[in-house]
Every structure is written in structure tokens, then in C-alpha cells.
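> Test case, fold it:
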Amino acid sequence: MVKQSNKLSSKKLVTGLLAAVMAAGLVGCSGNNENTSAASDTSNFNKEGLPIVTEPITLKVLTVRWGSMGDTFTQNQWLKDLEKNTNVKIEWEVMSSNDWAEQKSIMLASGTLPDVVLGSQSFSDSDIVNNLTYFRPLDDYIDQYMPNLKAAMEETPDLKKISTFPDGKIYSLPTRLPSRPKSSRQPVINKTWLDNLDLQVPETTDDLYNVLKAFKEQDPNGNGKPDEIPYIEINNDTISPFGIADLNNNFMLVKDGQAVYYPISEEYKEGLKWENKLYTEGLLDKELFTQDNTMRSAKFQNPDAPIVGFSYQWTPDAVFGKWSDQYVTIPPIAGPDGNRYTVGNPIGMNLSRNELLITTSTKYPEVAARWADEFYTNEASIQNFWGAIGTVIQKNDDGTYSLMDPPAGTSADAWYWDQSLRDFGPKYVSPSFEEKIVLSGKSGDGLKLQLDKLGSEFVTTPFPNVMYTAEEFEELPTLTTDIEGYVNTMRAQFISKGNIDEQWDAYVKQLNDMGLEKLIKIRTDAYERYMNVE
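Model (predicted):
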């Protein structure tokens, strides 16, 4: 059964409902976060094997989908077979991300939650930490009823690290997605322009400077107009050759095993000087600080001629439209220290938490735990990432798995989202099993894995997606808003106007006056907790 949420009609209605439930008190929840299961009918529950329950029961499961994606994923044959094999019927409540924030506020205020919440888009770290009484600690359930997840955590210890909350307990379940690369954005250059100007692929920042200068001055697109934009920057990728590779955009790095706030580092300072040089000479897009994604995309897909020379992208085909064939991904640019650095994660871009929560509202926590554990097999995981075997995935006679072609007129990625939970929900694909997955190297996931070989050995260890306490969450918004706002403002000023050496000390002093020491302590305390999880 699927229940599609209705968009609330007005802010006034939301405010009224919220006030009503708050006035009535937090109802519908026991307020108990102990691993109690007194409400479960143990005579109907099977600790091992299938079905999970002898007589059918129903669990209410809430998930949030992007925009108007809808609930077609519930027809995934694996999910339908799961209901049949386990005797656990699912009443899906599928919310749209468009109005979830308002509905979430009402839900948390009332305390009326479903049995299971699925997908990290539903509740954030702070939502969970600040409402722990609504969610069951799952450590004992994992130990007793979840052998698949338990084995996964033993094989990949980071699953347990990212799932452990500051009090040492696990309230949400993790995922490890299949066939994910180690690198994130990689350098992409217009190879046709290089060939037109008889230039080689740049290896160092000096090489890149010379190439960008030629792109600006020598009309590489051949239209007789000075319309070339040598370099469009998306994030902080311009300074990645200086060792600033910030995957999670939190201004933190891990250097020699220590957490480092890089906006006050010498590497960052030298990177700003490099960006200022490029900007001053017209080699960086002049609208770097003012354009939105729509404006940037229009430049990548300029209808008359390609006008972008260099950028950092996931894959070239994802952004350059009809000009995609002119662009190639190249190895990371070597920095002044002779080393190459790539934004990403050496253990793969595939781990996340908060993919499934079991609430204190449910009468069947053991059943929910065993049901969730069924998602942590290799075959279950690939079917919940791409689509069911026989529908989207072909299981071959040699034990490998390959993806079928999508219907005509449908992109592969859109098809996968239509047929599966895709990025959301619990999954675990063992690294050894990934060798059995056969993907096309021409587009999508398979292409990215091919391109990943150019930079995966240079991927830096990112500052992890750490967990914060309720007290830290209370302090962080003010600190990050003020400090990160100032860092971004000064970065724009340093790049566009220079005077970096002259103003550096005053810049660092201002950050310290704004509470940088407290922010760094919060980040490093969380990092130490993360690293100490056993």
C-alpha cells in the first residue's frame, strides 16, 4: 500500500497545526528510548529464517523523494518479493522534498512517527540528536537480529564509525553504495582547443597557466570572437593543486592525521595568490562570484560555439551538451610542491548514515530490524540502487551482473531513480562483489569509474562527516554563519583585488575575534570521537 502525501495548502495552515500540536504537548510517543520490545508478539516472531513473522503484520514506512519523483520505486520486484517472503507488509508514506520541511516540523512537534523512517533525506543529524527519544538505539538489535549488517560493519569499519552518535550508540543505519568512484570532481579540458593550438595536456600549474593564456589570446574555437572563457570554477577546485581538497565543504582537512582548518593555512594563502593571478589576467570567469547554476550551464552549452576551456566536473558528458565530445578528463594538476591532489575519499564516495531509523512508536522493533537487515545483502543492494534483477539488471551465466538499456527517450539515471530507492535507504555491496558488476564505460556510473582511474591514487583523505552533540549543534549555526560568511567574503576580495600578504594578519585576527578557536574545537572534538569509535 502506498500513501502519497498532499502538499499543505498554506503557511497559515502549517503554523496553526504546529501551534496546536505544541499546545497539546508531545503526544503519540512513549518518550522512551530504551531497547524495549514488550509490545511485540514474540509468538509470531521468528528470530531466524523466513518468514520473519508467521502471521502477516504491517509496518508504516516513511521516505522522502526528490521533487515529484513519486512512488513508482515501490513496484520494484525485489521489494514485492520481500513482502511475500517475510510476511511483513509495508504501508509506504512517500513525501516530496518540496514540502517535507514543513511536514517534518509538524511530525517532530507532535511526536507521531511511523514505524520506520527510510532515507537520509528524511531526518538530518540535528533532527535526530535533538529528538533522540523518538528513535530506538539499534546496537542490541544489530547484534541480535542483523547478521548481514553486522558482517558488513566488520568488513568495512567506517560503517560503524559514521553511524555512531556522540553518546556512543547507533540510532540510524548506514549505506555503502555500489560501484562508486574514489574521486569526486576531476579536471576537464577542451581537447579540441588544445589540438587547434598544438598544445599538450597541462601537467603542472605553470603548464595550466600557459594553456589558459593561449585559450584567451589565440581564438581556439575559431569563430573570430574573443568570447573564450579559459577557466570556469565550480567550487574550490582551483586551489586543489595546493593540497586544498575539501570534499564535504566544511573548511576542514586531515593533514598528518590531524584536523586542520585550512582557510588560515599557508597552502590556502598561496592558492589565493594563484587564483588572483588568474583572475587579474582574465583567465578565470569574471562572473565567478555572481552567477548561478543556470548562468553557468548556459556558458557550458553555448549554442553557437564552445566557449569554456577548462573546469572541474564529475564527467564531461554531464554538462557540455552537444560539445561534450570536445572535452576530456585529465589527471590532476601537479601543484608547486610537485604533488597531485584530488577531491574525494580513498575508501570510496559511497558511505552515508541516517538511511533507516526505527522509531519508538513501533510495536515491532525486532521485526523492523530483521526487515532492514534483508537490505544488506549484495543482490538486495544492487536491486535497490539500480532496479530489480530481470527488470533493470541482468544476471549473467558467468555470475556477473550487467545493466539493461533504459527505455527509448529515458536517461539511464532517471530510469534507475524510477525503478529503485537509488541513493537512499540501507545498502551494502562488498568490495569483492563489485568485481561482478559490469557497467558500460560510455556513460553514467560506468564512465565515471573509467575516468576515476586517472586520479584515484591521488585522492586525499577528507575531513569525515562527523557527528555533533546537541550542545555543539546549538553553537555551530552562529559560528559557521559568521565565520564562513567572512571567509567567503574575503576570498572573493583576495581573488579580485589581491593585497593578500598585506591583509593576511588582519584577516586571521578577525577570524579569531569571531570565535574561530571555539569552532575549531567543536570540529576537532567531533573528529576525535569519530576516530575513537571501535
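
> count of neighbours near the closest residue to I264 other than its chain neighbours?
Leaving out its chain neighbours, the residue that sits closest to I264 by Cβ to Cβ, 6 or more residues apart in numbering is V508, at 5.2 Å. (Glycine included, C-beta is placed from N, CA and C.) By other Cβ atoms under 10 Å, the residues close to V508 number 14.

> For the one helix or strand R370 maps to, name the packing helices and strands.
Using DSSP states H and E, R370 sits in helix 365-373. On a contact count with 3 or more Cβ pairs under 8 Å, 6 or more residues apart in numbering; DSSP states H and E, helix 365-373 meets strand 57-65, helix 77-86, strand 116-118, helix 139-145, helix 147-155, strand 351-358.

> what comes into contact with the last one?
Counting by Cβ atoms under 8 Å, 6 or more residues apart in numbering, the neighbours of strand 351-358 from elsewhere in the structure are 115-120, 122-125, 128, 135-136, 138, 141, 156, 158-159, 162-163, 171-176, 345, 365, 368-369, 372, 375, 424-427, 465.

> Relative to that strand, what are the paired strands and their orientations?
Here strand 351-358 has these sheet partners by DSSP bridges: strand 116-118 (antiparallel), strand 173-176 (antiparallel).

> Identify, out of those, the most deeply packed stretch.
strand 173-176 (a mean of 28; mean count of other Cβ atoms under 10 Å).

> what's the model's confidence in that one, averaged?
Averaged across strand 173-176, the pLDDT comes to 97.

> Flag every buried residue along the lengthiest helix in the chain.
Assignment by DSSP state H gives helix 470-497 as the longest helix of the chain. By 16 or more other Cβ atoms under 10 Å, the buried positions in helix 470-497 come out as 472-473, 475-476, 479-480, 483, 486-487, 490-491, 493-495.

> before we move on, what about stretch 224-243?
In stretch 224-243, counting by 16+ other Cβ under 10 Å, buried: 228-233, 236-243.

> Out of these, which comes closest to Q75?
Taking Cβ to Cβ as the measure, Q75 lies nearest D237 of the buried residues of stretch 224-243, at 39.8 Å.

> correct me, but that closest one touches F310?
No - checked against Cβ atoms under 8 Å, the pair D237 and F310 is beyond contact range at 10.2 Å.

> burial measure for K322, as a count.
If we define neighbours as other Cβ under 10 Å, then K322 has 10 of them.

> one step back: can I get the strands paired with strand 351-358 in JSON lines including distance to N499?
Output for the strands paired with strand 351-358, formatted as JSON lines (distance: least, Cβ to Cβ, whole Å):
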{"stretch": "strand 116-118", "distance to N499": "51"}
{"stretch": "strand 173-176", "distance to N499": "46"}
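
> now for those, which one comes closest to E270?
Per Cβ to Cβ, nearest to E270 of these: strand 173-176, 36.3 Å.

> Send me that closest one as CSV with only the CA atoms.
What follows is strand 173-176, C-alpha atoms only, in CSV (Å, rounded to 0.1, in the frame of the first residue of the first chain):
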residue,chain,number,x,y,z
LEU,A,173,21.7,2.7,9.8
PRO,A,174,24.3,3.3,7.2
THR,A,175,24.8,2.6,3.5
ARG,A,176,27.6,1.6,1.2
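
> Am I right that R180 sits in a strand?
No - for R180, which was evaluated using DSSP: H, G, I helix; E, B strand; the rest coil, the result is coil, with no strand membership.

> How about the contacts made by the closest residue to it other than its chain neighbours?
Using Cβ to Cβ, 6+ apart and skipping the chain neighbours, the partner closest in space to R180 is N350 (3.6 Å). Counting by Cβ under 8 Å, 6+ apart, N350 touches T175, R176, L177, P178, R180.

> just these now: which is nearest N293?
R180 (23.2 Å).

> Go ahead and confirm the closest one touches M349.
Yes - using Cβ under 8 Å, R180 makes contact with M349 at a distance of 4.8 Å.

> Give me the domain ranges for this protein.
Following automatic domain parsing, one gets these domains for the chain: 56-180+350-419, 186-329, 470-531.

> Can I get those in CSV including distance to D337?
As requested, those are exported to CSV (distance: least, Cβ to Cβ, whole Å):
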stretch, distance to D337
domain 56-180+350-419, 28
domain 186-329, 7
domain 470-531, 19
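
> And the ones you listed: which comes nearest K448?
Of the domains of the chain, nearest to K448 by Cβ to Cβ is domain 186-329, at 5.5 Å.

> Quick one: end-to-end distance for the closest one.
Terminal residues of domain 186-329 are spaced 7 Å apart (Cα to Cα, to the nearest Å).

> Kindly report the same for stretch 426-440.
25 Å.

> which other residues reach it?
In contact with stretch 426-440 (Cβ under 8 Å, 6+ apart) are residues 118, 148-149, 152, 155-156, 159, 173-179, 355-356, 372, 375-378, 380-382, 384-385, 396, 399-403, 445-447, 449.

> and these, which are buried?
Here, 16+ other Cβ under 10 Å leaves 118, 148-149, 152, 156, 159, 173-179, 355-356, 372, 375-378, 380-382, 384-385, 401, 403, 445-447, 449 buried among the contacts of stretch 426-440.

> where do the helices sit along the stretch 1-150 of the chain?
Using DSSP state H, counting those that start in this stretch, the helices of the stretch 1-150 of the chain run over 11-24, 77-86, 100-110, 125-129, 139-145, 147-155.

> Please tabulate those in TSV and include mean pLDDT as additional columns.
Formatted as TSV, those follow (pLDDT from 0 to 100):
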stretch	mean pLDDT
helix 11-24	41
helix 77-86	98
helix 100-110	96
helix 125-129	97
helix 139-145	98
helix 147-155	98
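
> now the ones you listed in a markdown table, with distance to D198?
Shown next, in a markdown table, are those (distance: least, Cβ to Cβ, whole Å):
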| stretch | distance to D198 |
| --- | --- |
| helix 11-24 | 61 |
| helix 77-86 | 54 |
| helix 100-110 | 54 |
| helix 125-129 | 52 |
| helix 139-145 | 61 |
| helix 147-155 | 50 |
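
> Nearest to L272, out of these?
The nearest among the helices of the stretch 1-150 of the chain, by Cβ to Cβ, is helix 125-129 at 31.1 Å.
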